[in-house]
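Colleague: fold the following and give me the result.
(one chain, ligands or ions: 2)
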Amino acid sequence: METDILPVDANQLGKLTITATADEASLVEEWDIEYEPGQAADSLRRAAREIQETDIPVAFPTETVYGLGADATRSSAVRAIFAAKGRPVDNPLIVHIHSIPQLRSLLPGAGNAGADPIPEIYKPLIRKFWPGPLTIILASGEGSPLAPEVTAGLSTFGARMPRSILALALIREAGVPLAAPSANASTRPSPTAAEHVKDDLEGRIRTIVDGGPCEVGVESTVVDGLSHPPVILRPGGISLEQLRQCAGWEDVVVGYKDKHEQGIKPRAPGMKYRHYSPKATVILYEAGAKAPDIEEIATKGPYKSVGIVRTKTWSPTLGHSMANGAASALTTSAADEIDTSLAPLDSSRSNLLRAVTQHEVPHATHSLLASRDERPPISVWDIGLGRSTQGVARGLFSALRELDKKDVHVILVEGIDDTVDDDVAAAVMNRLRKAAEIRI
Ligand code: TXA
Ligand code: MG
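Modeller: Ligands and ions are numbered 1, 2, ... in the order given. Below is the predicted model of the structure:
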């Protein structure tokens, strides 16, 4: 099967109108697109038709990562997602919806007049963070239109309204809720650009809707408000502090574990459950750990080629002088200079309006590190993600994939402080701890 990348410029799609919420029940702003005739709208419709008429899943951009979508109400289509990714069938999928009425139609008691099937606990979150990087867990059960494969046998399902206008438009055009995991091959880092999807799924799917690099870069926050107190099941694009500011969520607890394995812990290759993993061995330096000595690490490995992902404090190539001149080691990468901060947390800017900005993917700089003795020089690929936490989140998976393409043997990653709860640092460190074979 040929895999096509279909570039769709969100700005060429047509005229987007956003209407403020008129009544209490609508919860989110309403939007509409008046499609311009042309390539962008045609490509989007082609993708929607493929979802309706075939069982081959379609990859599409969201503001977090690229998703691999199929009709969530059709078992054969949902099974094909698991097959394309090589995903274990006991891991449930998130259902993506484009409107509140579409969500209601999936909930038990949807047909009953009177009571709203959306639990009250979620309403403050929906009003504030949807469309956006938040997934809520809801009851599924008897009579649900969802294919049982979506929930992997659980009595609940995860729902999310993404804020990428391409994602929203695709779901609406397809006319069905889309079950969609991240569009990577199972165990690989999540894809934050169309090329990443192609690298993993070429020949297994037909269409990748290319909306450019993702805005957030880490997946949605998954919350369960059906338990008391409510729980964060996965950290993501909405922070603990942001959740705590919502009524009913002041006491939200962290229900995932990623800090207990502190310390240097080499695990037997092939014996562990890999996640978010590039081919190279990842060594994660927790915030505050001493920066590594590249030569020592290269010698010990032994690793001929070393990748570095810098965040807030490490200097380019860790301050080593390079055999091919100090210039490349001393210039700061562009990412360090770009202000990647997004709108502040309390921004009244529409969630939808944040969906059309374009972002850069990080690139690696190469240099050769001369050995202290007779050994050949060490090849070093260096990427700086800049000092803003949001910039680090946005570039993280892309950086790991870029270094894999350079065939480095080991990737040294500078972790960030996740003890503050007001940004996406928890999500960044959660993914890195899962990707790392060694933590320092
Ligand atoms: O940002 C995102 O959430 C992306 C984009 C494509 O929307 N999707 C994504 O999907 O990350 P996936 O399949 O890679 O991760 C889904 C997460 C998993 O951790 C899964 O266990 C959890 O959501 N999940 C789904 N349904 C659940 C349920 N009923 N109960 C608990 N966890 C659930
Ligand atoms: Mg995933």
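Colleague: contacts only, for Gly395.
Modeller: Taking Cβ atoms under 8 Å, 6 or more residues apart in numbering as the definition of contact, the neighbours of Gly395 are Gly217, Ala335, Val361, Pro362, Ile383, Leu385, Gly386. Yep, even glycine has a C-beta here, placed from its N, CA and C like the rest.
Colleague: most surrounded residue in these?
Modeller: Ranked by the number of neighbours (other Cβ atoms under 10 Å), the contacts of Gly395 place Gly217 first, at 30 neighbours.
Colleague: am I right that that residue sits in a strand?
Modeller: No: when DSSP: H, G, I helix; E, B strand; the rest coil is applied, Gly217 is found to be coil, with no strand at that position.
Colleague: per-residue confidence for it?
Modeller: Confidence per residue is given as pLDDT, and for Gly217 that number is 96.
Colleague: hang on, it packs against Ser398?
Modeller: Yes: look at Gly217 against Ser398 with Cβ atoms under 8 Å: they come within range, at 7.5 Å.
Colleague: how many neighbouring residues does Pro88 have?
Modeller: Pro88 has 10 neighbouring residues, counting by other Cβ under 10 Å.
Colleague: how close does it sit to ligand 1?
Modeller: 10 Å (Cβ to the nearest ligand atom, to the nearest Å).
Colleague: and the closest residue to that residue other than its chain neighbours, what does it touch?
Modeller: Using Cβ to Cβ, 6 or more residues apart in numbering and skipping residues adjacent in sequence, the residue nearest Pro88 is Ser186, 7.2 Å away. Shown here is Ser186, whose contacts under the criterion Cβ under 8 Å, 6+ apart are Lys85, Gly86, Arg87, Pro88.
Colleague: can you give me the strands in the stretch 1-150 of the chain?
Modeller: For the stretch 1-150 of the chain, applying DSSP state E, counting those that start in this stretch gives strands covering 4-7, 14-19, 30-35, 58-60, 67-71, 94-96, 134-139.
Colleague: can the last one be found next to ligand 1?
Modeller: Think strand 134-139. Yes: among the residues of strand 134-139, Thr135, Ile137 lie within reach of ligand 1 under Cβ under 6 Å from any ligand atom.
Colleague: of the contacts of Gly395, which is the nearest to ligand 1?
Modeller: Each of these was checked against ligand 1 using Cβ to the nearest ligand atom; the closest is Gly217, at 10.0 Å.
Colleague: got the phi and psi for the closest one?
Modeller: In this entry, Gly217 is assigned phi and psi values of phi 90, psi -20 (degrees, to the nearest 10).
Colleague: give me the lowest-pLDDT entry from the contacts of Gly395.
Modeller: Taking these together, the minimum pLDDT is found at Ala335 (42).
Colleague: residue contacts, Cys246?
Modeller: Remark: with contacts taken as Cβ under 8 Å, 6+ apart, Cys246 is in contact with Pro124, Leu125, Lys128.
Colleague: get me the contact residues on the stretch 151-300 of the chain for ligand 1.
Modeller: The stretch 151-300 of the chain comes close to ligand 1 at residues 151, 154, 156-158, 160, 162, 180-182, 219-220, 222, 233-234, as judged by Cβ under 6 Å from any ligand atom.
Colleague: ok, and the most crowded of those?
Modeller: Pro162 (31 neighbours).
Colleague: can you verify my assumption that that one contacts Leu134?
Modeller: No: taking contacts as Cβ under 8 Å, Pro162 lies outside contact range of Leu134: 9.8 Å.
Colleague: okay, now the closest residue to Thr17 other than its chain neighbours: neighbour count?
Modeller: Nearest in space to Thr17, with sequence neighbours left out and distances taken as Cβ to Cβ, 6+ apart, is Asp32 at 5.1 Å. Other residues lying near Asp32 total 12 when counted by other Cβ under 10 Å.
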